[in-house]
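A.B. asks: with the sequence up front, the predicted model follows.
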Amino acid sequence: MEMKARSERTRVRRLPKRGAYDDATIAAILDAGLVCHVGFVDKATPLVIPMLYWRDGDRIYLHGSRDSRILRVLCEAEACVTVTHLDGIVLARSAFHHSANYRSVTILGRPQPLAGAAEKTRALRAFLDRLAPDRWPALRPVTPKELDLTNVAVMSLNEAAAKIRTGGPIDDPEDLTWPCWAGVVPVRLVAGEPIAEANVSGDAPQLLLR
């Protein structure tokens, strides 16, 4: 059964049954990632930039240098943010039916800049907690100058859509007896063992990652 899109712009048109628009599905996909690709137009030139992001409630956040053009341009026009996880390579019995298993989210809207040191600090702490939980209290306190040099933009999830493919290959019935291996090669991204800096203090707390 097809789900109702949040807006006509986010309606999944190609294979609509793979579309999902509920908060839980979208949040789960966003929370499983760290890198998004942000599409926008700057002076008639289309650009897609990879950026780190984090979700807090029904919004996502992006950050960058105050002197960077990216966040300045993003907060002046519409943007498209996408997050994709490749979960598997789907190998069929014909070249035509090869595919991939994936989870993706597309978000449309206009990012808004955060103003004020308190809001920026709260958002950046949430970002650090996303990368490494409980790390913020161990860090040297952020300075007013650092906050001033950092821009943070927030974007609503009001216009968001997920698209998901799972399962094995969908071969034509007449190909099912073809003597060729078919199935799924799983793909996953995992964090390795942390590598400490040479001059880390011996009494520094142990790094904990999710």
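C.D. replies: Received it, and whenever you're ready, just let me know what you need.
A.B. asks: what comes up buried for the lowest-mean-pLDDT helix or strand in the chain?
C.D. replies: Of all helical and strand segments in the chain, the minimum by mean pLDDT, DSSP states H and E falls on helix 69-74, at a mean of 83. Buried residues in helix 69-74, counted by 16 or more other C-beta atoms under 10 Å: 70-71, 73-74. C-beta coordinates here come from the backbone N, C-alpha and C atoms, glycine included.
A.B. asks: thought Asp22 was touching Met3?
C.D. replies: Yes. Contact criterion C-beta atoms under 8 Å: Asp22 and Met3 qualify, at 6.9 Å.
A.B. asks: which one of these two has more residues nearby?
C.D. replies: Met3 (16 against 12; other C-beta atoms under 10 Å).
A.B. asks: three-state assignment of the more buried one?
C.D. replies: Under the three-state scheme (DSSP: H, G, I helix; E, B strand; the rest coil), Met3 adopts coil.
A.B. asks: where along this structure do the helices fall?
C.D. replies: Here the chain has its helices, by DSSP state H, at 23-31, 69-74, 117-131, 144-148.
A.B. asks: need the residues that contact the second one.
C.D. replies: So the one you mean is helix 69-74. Applying C-beta atoms under 8 Å, 6 or more residues apart in numbering, the external contacts of helix 69-74 come out as 38, 40, 42, 49, 51, 62-64, 111, 113, 151, 153.
A.B. asks: swap in 6 Å and give it another go.
C.D. replies: With C-beta atoms under 6 Å, 6 or more residues apart in numbering as the test, helix 69-74 has contacts from 40, 42, 49, 64, 111, 151, 153.
A.B. asks: redo the helices of the chain as TSV? Include distance to Pro169.
C.D. replies: Output for these, formatted as TSV (distance: least, C-beta to C-beta, whole Å):
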stretch	distance to Pro169
helix 23-31	23
helix 69-74	39
helix 117-131	35
helix 144-148	51
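A.B. asks: which of these sits most buried?
C.D. replies: helix 69-74 (a mean of 18; mean count of other C-beta atoms under 10 Å).
A.B. asks: hang on, the earlier thing: Pro141: which of the buried residues of helix 69-74 is nearest?
C.D. replies: Closest approach to Pro141 among the buried residues of helix 69-74 (C-beta to C-beta): Leu71, at 23.7 Å.
A.B. asks: name all residues that make contact with Ala182.
C.D. replies: By C-beta under 6 Å, 6+ apart, Ala182 lies in contact with 91-93, 169.
A.B. asks: what about Ser99, how many neighbours?
C.D. replies: 17.
A.B. asks: any idea what it is bridged to?
C.D. replies: Val90 (DSSP bridges).
A.B. asks: distance of it from Ala77?
C.D. replies: For Ser99, the distance to Ala77 equals 34 Å [C-beta to C-beta, to the nearest Å].
A.B. asks: with that, I have no additional questions.
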